[in-house]
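S.K.: this is a predicted model, with the sequence first.
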Amino acid sequence: MSTTENRAEFGSTLGFILSAAGSAVGLGNIWKFPGKAYACGGGAFLIIYLIIVALVGTTVMMAEFTIGRKTHKNAVGALRELNSKWGWVGGLGILTGFIILCYYCQVGGWTLYYIAAYITDVQTVWADPMAYFLGMLGANGFPLAAIIWALVFLFLTAFIISHGTAGIEKMSKILMPVLFILLIGLMIRACTLPGADEGVKYMLHVDFSTINTTAILTALGQAFFSLSLGMGVMITYASYLSSDDNLISNTGIICVLDTCVALFAGFMIIPAVFATGIAPGMGGGFAFATLAGVFMAIPGGQFMGLLFYFLLFFAAVTSSTSILEGTVSFLVEEKGMERKKTLVIVSCIMFVIGVFYTLSQVFMNLKGIWISKDGLQFPIFGDFLEYLTDRLLLPLGAFFTTFFVGWIWGTDKSIEEATSDGKFKFGLAPVYAFMVKFIDPIVIGVIIVAGMVFGMAIS
Ligand code: PHE
């Protein structure tokens, strides 16, 4: 069982912000977001996304933070302490995290693959970026190298978890700002490539006829995924905070940082799509195939590309460790399993499931092993995993978290915790209470149901 005694606390507010922002900023911002913005119509999607983050994202995050800090426990223990019947919501989050990590590690492996490619083989990447990307995924035969790199990524994640995350937290003090600056630089370059202005226009042009239930559900799922919400990660992180920390400003800072990174990535990648004409059918190719066009066009492109994939890898690791820590600490603290053994078993299962994610992208479709809707356009197993987490499990987790705070634990208690018993000012407290009690559960609930009814038919 978990105990509240002897629990470490973050040494500084900056340490907490970096860890929580490190969890939030990851592949979701750079690999997923631009592809979704592109597919869902550009400007209108951006507006929907920003509204969802500002209203739903911030309030769900605050709800998770207050649960965590109040109880100083992991997600399951925290909910159970506040109400003995509600521990299962934390359990749902652990399951979601497990599924996410199966495919997250595969894409993390692709970043390592590209680091190696930019060191040894950049001319081949640049000669035909799309062919190279598809080749990595098995267009020319079994994608053994991609799978091995995914194994390396998973191993590194597990290794960091077993040796403590203090080291990467120190590194993120330097590397996160570097990533931020590099993204701004690359965004500016991408937007000034010949032909890129069409992409900028696409991202700024607001046409609400492109918005349907699928687009709204996509934006909602993407917001939860990107902010690491709906699976208890933020509950766990806040459990290490003391009442001296201001949850209100921390929520704002983390949401703004994460959203800025997603927007920078969008305004870097979509203009590059228009400038280079490389528009992969699947979301994954954007951060890999499309960006080659940007690196080719800048002096020192090989080095910049290398730096970019290294930082992307680092951002991915600070996210993957936050998910794995949740799964492992649950099994250790709540189920009494031994830590090292748990890590090995969990990692092995994740790896086996994850391999099918990579294989389903291209290889299985080509071999006809997996039934595909549109050839390379629709990797069924991969999409299934992402739909399951982004469109169903994460929104469900957020739904139950807000319902719990609004109706079971009580918004008064949550606000009391948010302000550290009145120490910090929370002018928007009534708005927060209203959102958590009514709007969040209703909106999230309606979108989940609408998505299930209408969304499944559309990719
Ligand atoms: N937010 C991370 C990203 O954008 C992924 C993540 C999801 C991490 C859920 C923790 C929990 O890449």
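M.R.: Alright, I've got the coordinates.

S.K.: briefly note if the one helix or strand Leu263 maps to comes near the ligand.
M.R.: When elements are assigned from DSSP states H and E, Leu263 belongs to helix 247-276. No - Helix 247-276 lies out of reach of the ligand by CB under 6 Å from any ligand atom, never closer than 7.4 Å. Using the backbone N, CA and C atoms, a C-beta is placed for each residue, glycine as well.

S.K.: what comes up buried for that helix?
M.R.: Residues of helix 247-276 classed as buried by neighbour count (16 or more other CB atoms under 10 Å): 247-248, 250-251, 254-255, 257-259, 261-276.

S.K.: equivalent analysis for stretch 36-56, please.
M.R.: By neighbour count with 16+ other CB under 10 Å, stretch 36-56 contains the buried residues 36-46, 48-50, 52-53, 56.

S.K.: how far off centre is that stretch?
M.R.: Distance of stretch 36-56 from its chain centroid, counting by CA atoms, centre = their mean, to the nearest Å, is 16 Å.

S.K.: now what about it, what contacts it?
M.R.: In this structure, residues lying in contact with stretch 36-56 by CB atoms under 8 Å, 6 or more residues apart in numbering are 202-208, 210-211, 214-216, 218-220, 222-223, 227, 255, 259, 262-263, 266, 269-270, 273, 279, 283, 286, 398, 435, 439-440, 443-444.

S.K.: as CSV, could you dump the C-alpha coordinates of it?
M.R.: This file holds the C-alpha atoms of stretch 36-56, laid out as CSV (Å, rounded to 0.1, in the frame of the first residue of the first chain):
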residue,chain,number,x,y,z
LYS,A,36,-4.8,16.2,-37.0
ALA,A,37,-4.9,19.9,-37.7
TYR,A,38,-4.2,19.2,-41.4
ALA,A,39,-6.8,16.4,-41.7
CYS,A,40,-9.5,18.4,-39.8
GLY,A,41,-9.4,21.5,-41.9
GLY,A,42,-6.7,23.8,-40.5
GLY,A,43,-7.9,27.1,-39.0
ALA,A,44,-11.3,25.9,-37.7
PHE,A,45,-9.7,23.0,-36.0
LEU,A,46,-7.1,25.3,-34.3
ILE,A,47,-9.9,27.4,-32.9
ILE,A,48,-11.9,24.4,-31.6
TYR,A,49,-8.7,23.0,-30.1
LEU,A,50,-7.8,26.3,-28.4
ILE,A,51,-11.3,26.7,-26.9
ILE,A,52,-11.2,23.1,-25.6
VAL,A,53,-7.8,23.6,-24.0
ALA,A,54,-8.8,26.9,-22.5
LEU,A,55,-12.1,25.7,-21.0
VAL,A,56,-11.9,21.9,-20.6
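
S.K.: that stretch near the ligand anywhere?
M.R.: No - Stretch 36-56 stays clear of the ligand (CB under 6 Å from any ligand atom), getting no nearer than 12.0 Å.

S.K.: same deal with stretch 398-415?
M.R.: No - applying CB under 6 Å from any ligand atom, one finds stretch 398-415 separated from the ligand by no less than 11.1 Å.

S.K.: list the contacts of the residue in the stretch 251-400 of the chain that the ligand sits nearest to.
M.R.: With CB to the nearest ligand atom as the measure, Ser319 is the residue of the stretch 251-400 of the chain nearest to the ligand, at 4.0 Å. For Ser319, the contact set (CB under 8 Å, 6+ apart) comprises Gly22, Ser23, Ala24, Val25, Gly26, Leu27, Gly28, Tyr104, Ser228.

S.K.: sort out for me which of these are in strands.
M.R.: Of the contacts of Ser319, none are assigned to strands by DSSP state E.

S.K.: now intersect the residues you listed with the helices, please.
M.R.: Gly22, Ser23, Ala24, Leu27, Tyr104 (DSSP state H).

S.K.: how far away is the fourth one from Val152?
M.R.: In this case it means Leu27. According to CB to CB, to the nearest Å, Leu27 and Val152 sit 16 Å apart.

S.K.: of these two, who's got more company?
M.R.: In terms of neighbours (other CB atoms under 10 Å), Leu27 is the more surrounded of Leu27 and Val152; the figures are 24 against 15.

S.K.: for the more buried one, give its distance to the ligand.
M.R.: Distance of Leu27 to the ligand, computed by CB to the nearest ligand atom, to the nearest Å: 4 Å.

S.K.: got the contact list for that residue?
M.R.: Applying CB under 8 Å, 6+ apart to Leu27 gives the contacts Tyr104, Val107, Gly108, Thr111, Ala287, Leu312, Ala315, Ala316, Ser319.

S.K.: change it to 6 Å
M.R.: Val107, Ala316 (CB atoms under 6 Å, 6 or more residues apart in numbering).

S.K.: any idea how far it is from Val53?
M.R.: Per CB to CB, Leu27 is found 18 Å from Val53.

S.K.: and the helix-or-strand element of the chain with minimal mean pLDDT, which residues are buried?
M.R.: Ranked by mean pLDDT, DSSP states H and E, the weakest helix or strand in the chain is helix 363-367, scoring a mean of 73. Across helix 363-367, burial judged by 16+ other CB under 10 Å covers Phe363, Met364, Asn365, Leu366.

S.K.: on that earlier part again, chain center to the helix holding Leu263: distance?
M.R.: Centroid separation for helix 247-276 versus its chain: 12 Å, with CA atoms, centre = their mean.

S.K.: same thing with stretch 135-153?
M.R.: How far stretch 135-153 lies from its chain's middle: 22 Å, per CA atoms, centre = their mean.

S.K.: what lies in contact with that stretch?
M.R.: Contacts for stretch 135-153 (CB under 6 Å, 6+ apart): Cys105, Gln106, Gly108, Gly109, Leu112, Tyr113, Val355, Thr358, Gln361, Val362, Phe363.

S.K.: does it reach the ligand?
M.R.: No - using CB under 6 Å from any ligand atom, stretch 135-153 stays clear of the ligand, coming no nearer than 13.1 Å.

S.K.: quick thing: my sequence starts at 55, can you match it?
M.R.: All set: I'll call the first residue 55, so the last point we hit is now stretch 189-207.

S.K.: report the buried residues of that stretch.
M.R.: For stretch 189-207, a neighbour-count test (16+ other CB under 10 Å) marks Gly189, Met190, Leu191, Gly192, Ala193, Pro197, Ala200, Ile201, Trp203, Ala204, Leu205, Phe207 as buried.

S.K.: residues near Phe492, how many?
M.R.: Number of residues near Phe492 (other CB under 10 Å) recorded here: 12.
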